[in-house]
Structures are given as C-alpha cells and as structure tokens.
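> pasting a predicted model and its sequence here:
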Amino acid sequence: GQSLEQPSEVTAVEGAIVQINCTYQTSGFYGLSWYQQHDGGAPTFLSYNGLDGLEETGRFSSFLSRSDSYGYLLLQELQMKDSASYFCAVRENRDDKIIFGKGTRLHILP
Amino acid sequence: DVKVTQSSRYLVKRTGEKVFLECVQDMDHENMFWYRQDPGLGLRLIYFSYDVKMKEKGDIPEGYSVSREKKERFSLILESASTNQTSMYLCASSPPGTGQSYGYTFGSGTRLTVV
C-alpha cells in the first residue's frame, strides 16, 4: 500500500534551522511536494522536487533522494509566523493526483 | 489574485440531509479535487475531476458523489449526511500535467458538522 511518514510534531527556536523529514512508500513516484497550513487556513504550496537534489526558495529548501525514498523540508532563520503544519505529498503516477502525509506540526519557541 | 472559492465556511446539517458543498475556481484549471481533513489523518482524497462531466474516485468516496457540469465548478454531494462525515472539506484545483510542479491551489475550506 501507499504510505508517507513524517514526524507528527517538531519544536525549534526562533532564528534557528529546522528539518522536517518525509519517507514514502508508493507504487510509483513522479515527484515530492511540500505544503504549509496555518491554523484555520488553507494549505499553500511551498516547493516541488521531481529530481534528486536540493531546491531553494528563499528561507525554505527541499531535498529529494529517490533511491532512499526520502525527502526533507529545511526552514532557515525561523520566524514565529512559520508556526504551522507542513505536509509532504507524492505524485504516484502520471495523473495529477497527489497523496498527502499526515502532516508535521512545527512549534517555534521565542 | 487567483482563487478557489468554497461557498460556505461553516455548515451545520442534520443526519440524513442531502448536503451540497460548492467550489468555484477562476484559474481555468482542468483539474479539481475534493479532500477531507481530520486531525491525525491528514488530507484524504474523496473525488477528483480532470474535465467537465468526468469524475474519478479517490481513496474514500463512500457516501459521497460529485458533479462537474462546468469547468470552473466542482460540487461535492453528501447523499445522506452522517455524523462520521463531520469534517473539514477542502477543494483544490491545478493545471493539467504541471499540477505537481506548480502545486494545488486550495480553497479556504468548509467545516461541516453533522448533528
């Protein structure tokens, strides 16, 4: 069956760096993406990795290793507004449907 | 500003009622999706559609149906609401083919309570 595993909660300090890991087990793989969701808000798209390596967008970076079925989201210079839930998501086949992980709640301490 | 709009933010319905959740997007996207989100379970796909009048079942379609008569509108229907359908319902859309790389655009969600 399909599964995406990510930690349920992570805590970090303002100004620090935090990494949120995601491992996946799916029948196929066409890319890994990350979404952010603040309490009461809609998920918003952060990043996408179709190939191995690191993608950087400002303070956020995302990494993929297809051989390890593993990726991570790296958040640098943490700000209080980064307190949110973060979801990894996998595109399993050629259609545009994606499967979401259960989410990681990021707590940031001042 | 491109948008996915869900008609209701909060909804309370009685058990056995027929419930319609409406979603409209103004981005001319072919793909539209309905998810439900529950604590500890993440987002689970109910139904999706790649074109007008077409629909595909997601992972948890039981108790739901959908309608897509126009490209911009995708409706989720609870034929006979039950208390276990109390949840946050999220609609999303994406362009075809590149939907993963550009991501889904989500609506703000409808929090449905069935009593």
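Perfect, I can see it now.

> name the element A:Glu55 belongs to?
Taking DSSP states H and E as the criterion, the element that holds A:Glu55 is strand A:53-57.

> now do A:Tyr30
Of the helices and strands defined by DSSP H and E, none includes A:Tyr30.

> was I right to think it contacts A:Arg94?
Yes: if you go by CB atoms under 8 Å, A:Tyr30 and A:Arg94 touch, sitting 6.7 Å apart. Any C-beta I mention is one placed from the backbone N, CA and C, and that applies to glycine too.

> so between those two, which is more surrounded?
When A:Tyr30 and A:Arg94 are compared on other CB atoms under 10 Å in any protein chain shown, the one with more neighbours turns out to be A:Tyr30, at 15 against 9.

> who are the contact partners of the more buried one?
The neighbours of A:Tyr30, taking CB atoms under 8 Å, 6 or more residues apart in numbering or on different chains as the test, are A:50, A:91-94, B:100.

> equivalent analysis for A:Pro7, please.
Listed by CB under 8 Å, 6+ apart, the contact partners of A:Pro7 are A:20-21, A:104.

> and it, what's its pLDDT?
The pLDDT attached to A:Pro7 in the predicted structure is 97.

> and it, which of the three is it?
Classification of A:Pro7 using DSSP: H, G, I helix; E, B strand; the rest coil returns coil.

> relative to B:Lys71, how far out is it?
For A:Pro7, the distance to B:Lys71 (CB to CB, to the nearest Å) stands at 39 Å.

> by proximity to chain A, which residue of chain B wins?
Using CB to the nearest CB, the single residue of chain B nearest to chain A is B:Gly103, 2.7 Å away.

> which parts of chain A sit against chain B?
Within reach of chain B by CB under 8 Å from any CB of the partner chain, chain A has these residues: A:8, A:30-31, A:33, A:35, A:41-46, A:48, A:50, A:87, A:91, A:95-103.

> for ChimeraX, what selects the buried ones among these?
Selecting only the buried members of these in ChimeraX, with burial defined as 16 or more other CB atoms under 10 Å in any protein chain shown, works like this:
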select /A:31,33,35,42,43,45,46,48,50,87,91,95,96,97,98,99,100,101,102,103
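
> isn't A:Gly28 up against A:Glu92?
Yes: here A:Gly28 reaches A:Glu92: they are 5.0 Å apart, a contact under CB under 8 Å.

> these two: who's more crowded?
Counting neighbours by other CB under 10 Å for A:Gly28 and for A:Glu92 shows that A:Glu92 has the greater number, 16 against 10.

> from what I can see that one touches A:Tyr24, true?
No: distance between A:Glu92 and A:Tyr24: 9.1 Å, which falls outside the contact criterion (CB under 8 Å).

> shared neighbours, those two?
When CB under 8 Å, 6+ apart defines a contact, the residues bordering A:Glu92 and A:Tyr24 alike are A:Gln2.

> tell me the pLDDT at the closest residue to B:Lys71 other than its chain neighbours?
What sits nearest to B:Lys71 in space, not counting adjacent residues and going by CB to CB, 6 or more residues apart in numbering or on different chains, is B:Val52, at 5.4 Å. We have a pLDDT of 91 for B:Val52.

> next, B:Val52: secondary structure please.
What three-state DSSP gives for B:Val52 is coil.

> what's the closest non-adjacent residue to B:Glu22?
Leaving aside its sequence neighbours, B:Glu22 sits nearest to B:Ser7 (CB to CB, 6+ apart; 4.0 Å).

> then B:Val12?
Using CB to CB, 6+ apart, the nearest residue to B:Val12 is B:Thr113, at 4.8 Å.
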